[in-house]
Every structure is written in C-alpha cells, then in structure tokens.
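Asker: Here's a sequence, model it:
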Amino acid sequence: MPAVESTMFPLGKQAPSFALVNAIDGNVVRLEDIKSDVATVIMFICNHCPFVKHVQHELVRLANDYQPKGVTFVAINSNDVEKYPDDSPENMKKVAEEFGYPFPYLFDETQEVAKAYQAACTPDFYVFDRELKCVYRGQLDDSRPGNNVPVTGASIRAALDALLSGHPVPELQKPSIGCSIKWRN
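Answerer: Next up, the predicted model:
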C-alpha cells in the first residue's frame, strides 16, 4: 500500500468544530469542551495502519508528558469501517484500552471531520494554540516503519515546547506520512 503525505492544513487557520462519539466510553466529545488554554493536539489515527502501530507507544508517552502541562490531546478515526472492520468503534475501544490511551478516541463515522481538517493519512497531526489557530501540522517525528530512526515525537514536542515557552512555532514543518484515510465511496 503506497504511503500518503499530509496535505498540510494552513497555518493560522481556525480548528473546525466537531462533536463525535468517544469509542472508549460512548460519550460525545465536543472540541469546544476539551480545548486547552495552552494547546490542543488533534491526531487522525486508526487501528490497522502500520504507520500508526509504529508510533502508538509514543502517542501515549507524549500525552502523558504534556497533559500535566495543560495540553489537550484527542485522536480521531475517520476510516470506512465497512471495508476496514479492524477500525470499528468496538475495536477502537479495545486498542485504546490495550495501549492505555490517556485521551479520547473519537469515531468520525460521516468522515466530515477528516474532510474539514483536510486529513490525508494516518497518522496526521495538528497542534492548535489557545485560540484554536493552527500552529503546527505534519509529522510526529522522522521515524517511519523500517527506517531505524527512533520514535521520539520530536516534531510535535518542539511545537508544544515553543508554545509552552511563549515562542513562535517554527514554520518549517514536515508532512506526516502514512496510510491514506479509507474514504467511503
């Protein structure tokens, strides 16, 4: 399966609103209710993608490192679950429990949220400031399955550290690479 790059959502653009069901507990999660006064990280992931599997432990570590600093994390799965049943809400809950996701794992059944964010691949990452303006979009770090680069979350960590210290987030940002979002016909 060929890898796809992020479409690179425009910097400065407002985060599109959403209200999606959290596969972990069945509750509806609204962006406005979880947004942070520091930074909000939105991740498009899924269960079956080898690129996501490659970074799952770091997603948990990253959230555990930055949530105490006031950063909010949320993951969204927008894949077509009819064609990819591994990504069903039931399986999302299993994966979230297995890895101990410390963030909501939302199901975008209509795929409207992925379209609004111009998400192209899994994983695809976005960091928004306190006003929900995009300050970072792209990769977690330089690691990819098979390239022997350690998974550190360095790109996201640099963006979050800049926000936390009151410095601008560098505008030179690399796209994420992963499996395409599995769009319904």
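Asker: hey, where'd the strands end up in this protein?
Answerer: Assigned by DSSP state E, the strands in the chain fall at 4-5, 19-22, 28-30, 39-44, 71-77, 105-107, 121-122, 124-129, 134-138, 177-180.
Asker: Out of those strands, which gets the lowest mean score?
Answerer: Lowest mean pLDDT within those: strand 4-5, a mean of 89.
Asker: what's the closest non-adjacent residue to the most centrally placed residue in the chain?
Answerer: In the chain, the residue lying closest to the centroid (Cα atoms, centre = their mean) is residue 43, at 0.6 Å. Closest residue to residue 43 apart from its sequence neighbours, by Cβ to Cβ, 6 or more residues apart in numbering: residue 75 at 4.7 Å. For glycine as for every other residue, the C-beta is placed from the backbone atoms N, C-alpha and C.
Asker: Spit out the contact partners of that neighbour.
Answerer: By Cβ atoms under 8 Å, 6 or more residues apart in numbering, the residues touching residue 75 are 43, 44, 45, 59, 101, 103, 104, 105, 106.
Asker: Make CSV from those and add distance to residue 163 to it.
Answerer: CSV is the format used below for the contacts of residue 75 (distance: Cβ to Cβ, whole Å):
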residue, distance to residue 163
43, 16
44, 20
45, 22
59, 18
101, 22
103, 17
104, 21
105, 23
106, 23
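Asker: closest to residue 149 among the residues you listed?
Answerer: residue 59 (16.5 Å; Cβ to Cβ).
Asker: Now for that closest one, how many residues are close by?
Answerer: Neighbour count of residue 59, defined by other Cβ atoms under 10 Å: 25.
Asker: before we move on, what about the one 4 residues further on?
Answerer: By the measure other Cβ under 10 Å, the count of residues near residue 63 is 22.
Asker: Equivalent analysis for residue 148, please.
Answerer: The number of residues near residue 148, taken as other Cβ under 10 Å, comes to 6.
Asker: do the one 3 residues further on as well
Answerer: Using other Cβ under 10 Å, the number of residues around residue 151 comes to 19.
Asker: try residue 138
Answerer: If you count neighbours by other Cβ under 10 Å, residue 138 ends up with 21.
Asker: outside of stretch 153-163, which residues touch it?
Answerer: Stretch 153-163 is contacted from outside by 38-39, 41, 55, 58-59, 61-62, 65-66, 69, 71, 125, 127, 129, 135-136, 138-142, 168-170, 173-174, using Cβ under 8 Å, 6+ apart.
Asker: make it 6 Å
Answerer: With Cβ atoms under 6 Å, 6 or more residues apart in numbering as the test, stretch 153-163 has contacts from 39, 58, 62, 66, 71, 125, 127, 136, 139, 140, 141, 169.
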